[in-house]
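Colleague: generate coordinates for the sequence data below:
(one chain, ligands or ions: 1)
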Amino acid sequence: MKKKDAIFLVAVSVIIITIFSIFLLVNKNTKHDFAYIYVGYGDNLVGTVDFKNQKIIINKVDSDNYPKIIDDNKIIVLSFIEIDAHKEELEIKIDFEKRSVKVIKSSCKDQICVLQGEVTTGVIICAPGRVRIDFELRDQSDIVI
Ligand SMILES: [Zn+2]
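Modeller: Residues are numbered from 1 along each chain as shown. The predicted model follows:
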């Protein structure tokens, strides 16, 4: 009886560890196809990074003519931080090979967005600047409800 219990316990442990390992491996190797850039309140989508086709798409241009694309791999958005009555630029660099996004310049005080460094999954947030970058596995517009 005791031996049976022990075998059962080992078997269950092995199954749990195996499932967990597979989950971690799949998650780690999952490449995100898109990163969405939001500025301001709510889901105000201004730019999309298409890693698959290696391009940046402008979704919405504001009254100051932002966002701007430079060198094919950088996008500058206008964050909500104001210095001397001017809104400040937030510069984002994209590495299409690594499928990563990095905030390289921001005028926010905490610099949390810049310190996040190169990101390939999850989300980048500049709370004071009201800028958010979401990584998605596939195109959100493809999802049919
Ligand atoms: Zn910031």
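
Colleague: how about the residues of the chain by the ion?
Modeller: Counting by C-beta under 5 Å from the ion, the residues of the chain lying close to the ion are 106, 108, 113, 126. For the C-beta atoms, the positions are set from N, CA and C on the backbone; glycine is no exception.

Colleague: list the contacts for the third one?
Modeller: Listed by C-beta atoms under 8 Å, 6 or more residues apart in numbering, the contact partners of Cys113 are 90, 103, 106, 124-126, 129, 131.

Colleague: that one belongs to a helix?
Modeller: Yes: under the criterion used here (DSSP: H, G, I helix; E, B strand; the rest coil), Cys113 sits inside a helix.

Colleague: Leu25 versus that one, what's the distance?
Modeller: Distance check for Cys113 against Leu25: by C-beta to C-beta, to the nearest Å, it reads 29 Å.

Colleague: and what of Asn65?
Modeller: If you measure Asn65 against Leu25 using C-beta to C-beta, the figure is 44 Å.

Colleague: same check, this time on Gly117
Modeller: Look at Gly117 and Leu25: by C-beta to C-beta, they are 23 Å apart.

Colleague: before we move on, what about Gly129?
Modeller: Using C-beta to C-beta, one obtains 35 Å as the distance from Gly129 to Leu25.

Colleague: so for these two, which sits in the more crowded spot?
Modeller: Between Gly129 and Leu25, counted using other C-beta atoms under 10 Å, Gly129 has the larger neighbour count: 24 against 10.

Colleague: now name the helix or strand holding Ile125.
Modeller: For Ile125, the host element (DSSP states H and E) is strand 123-126.

Colleague: buried stuff in the longest helix along the chain?
Modeller: Secondary structure assigned by DSSP state H gives helix 2-29 as the longest helix of the chain. For helix 2-29, a neighbour-count test (16 or more other C-beta atoms under 10 Å) marks nothing as buried.

Colleague: what comes into contact with whichever helix or strand comes after that helix?
Modeller: Toward the C-terminal end, the helix or strand that comes next after helix 2-29 (DSSP H and E) is strand 34-39. The list of residues contacting strand 34-39 from outside it, by C-beta under 8 Å, 6+ apart, reads 44-51, 62, 67, 75, 77-80, 92, 94, 101, 130-140.
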